[in-house]
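> Pasting the sequence and the predicted coordinates here, then a few questions.
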Amino acid sequence: MMPARASFESKLLPVQPARVGLDGLFEGYASLFRIPDLGKDIVEPGAFRESLQRRGPGGVKMLWQHDPAEPIGRWSSLVEDGRGLFVRGRLSLAVARAREIHALMLDGAIDGLSIGFRHEKARSEPRTGLRRLERIDLWEVSVVTFPMLPQARIAAVKATRPSAFI
């Protein structure tokens, strides 16, 4: 008799196949609206609006695994659309850690994105245990191995001219 196996479940959004390049450009969704993450948080549409207006892309750091000692590039665009927080950025390939992460992205081994924030307005639902985040002060978006929101993924690694992408 075979021993029982622990079940592991993952729900991923369909994404386009990555276009692989050498310039470090990539994009994807760092957060999706109205989908509970593994910590029972749900981001509501409009939650990032004020923070993005206040900080702009230059005020939101790109980190590796939420580590403030591991900046790996910069965000060129952070936009709330109807689906969530869509981000575009470039890894700083002069940085050794960024080159390693880029190689892992090219191989498809790393594709997670995760947000680092302070909530400014939220409401809890005691019946479900969910917390609805209505206003967020976004500090950073990290490239991660395991995102808290499993659907938050890098959609493409690109090699186009910067003017065509950013």
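On my side now, so go ahead.

> contacts and neighbour counts: CA atoms only from here.
Fine.

> Pairing partners for residue 63 in the sheet, please.
Taking DSSP bridges as the rule, residue 63 bridges to residue 71, residue 142.

> where do the helices sit along the chain?
In the chain, the helices defined using DSSP state H lie at 49-55, 96-107, 162-165.

> Could you dump these into TSV with mean pLDDT added?
Shown next, in TSV, are the helices of the chain (pLDDT from 0 to 100):
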stretch	mean pLDDT
helix 49-55	97
helix 96-107	94
helix 162-165	38
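
> Kindly compare burial across the ones you listed and name the winner.
helix 96-107 (a mean of 17; mean count of other Cα atoms under 10 Å).

> Could you list every helix and strand in contact with that helix?
Contacts defined by 3 or more Cα pairs under 8 Å, 6 or more residues apart in numbering; DSSP states H and E place helix 96-107 against strand 67-80, strand 84-91.

> which residues are in contact with stretch 77-88?
25-33, 45-46, 48-49, 52, 56-57, 75-76, 89, 166 (Cα atoms under 8 Å, 6 or more residues apart in numbering).

> Based on its surroundings, how many neighbours for the residue nearest to residue 87 when sequence neighbours are not counted?
Spatial nearest neighbour of residue 87, chain neighbours left out: residue 78 (4.5 Å); criterion: Cα to Cα, 6 or more residues apart in numbering. For residue 78, the count of nearby residues is 22 (other Cα atoms under 10 Å).

> and if you look at residue 119?
Counted with other Cα under 10 Å, the neighbours of residue 119 add up to 14.

> Please pull out the lowest mean pLDDT helix or strand from the protein.
Every helix and strand in the chain was compared by mean pLDDT, DSSP states H and E; the lowest is helix 162-165, with a mean of 38.

> thinking again about what came up before, can you tell me which of the helices and strands packed on helix 96-107 is most buried?
Among the helices and strands packed on helix 96-107, the stretch with the highest mean neighbour count (mean count of other Cα under 10 Å) is strand 84-91, at a mean of 22.

> Tell me the strands beside that strand, with direction?
Strand 84-91 pairs in its sheet with strand 25-32 (antiparallel), strand 67-80 (antiparallel), by DSSP bridges.

> Looking at these, which is nearest to residue 151?
strand 25-32 (7.7 Å; Cα to Cα).
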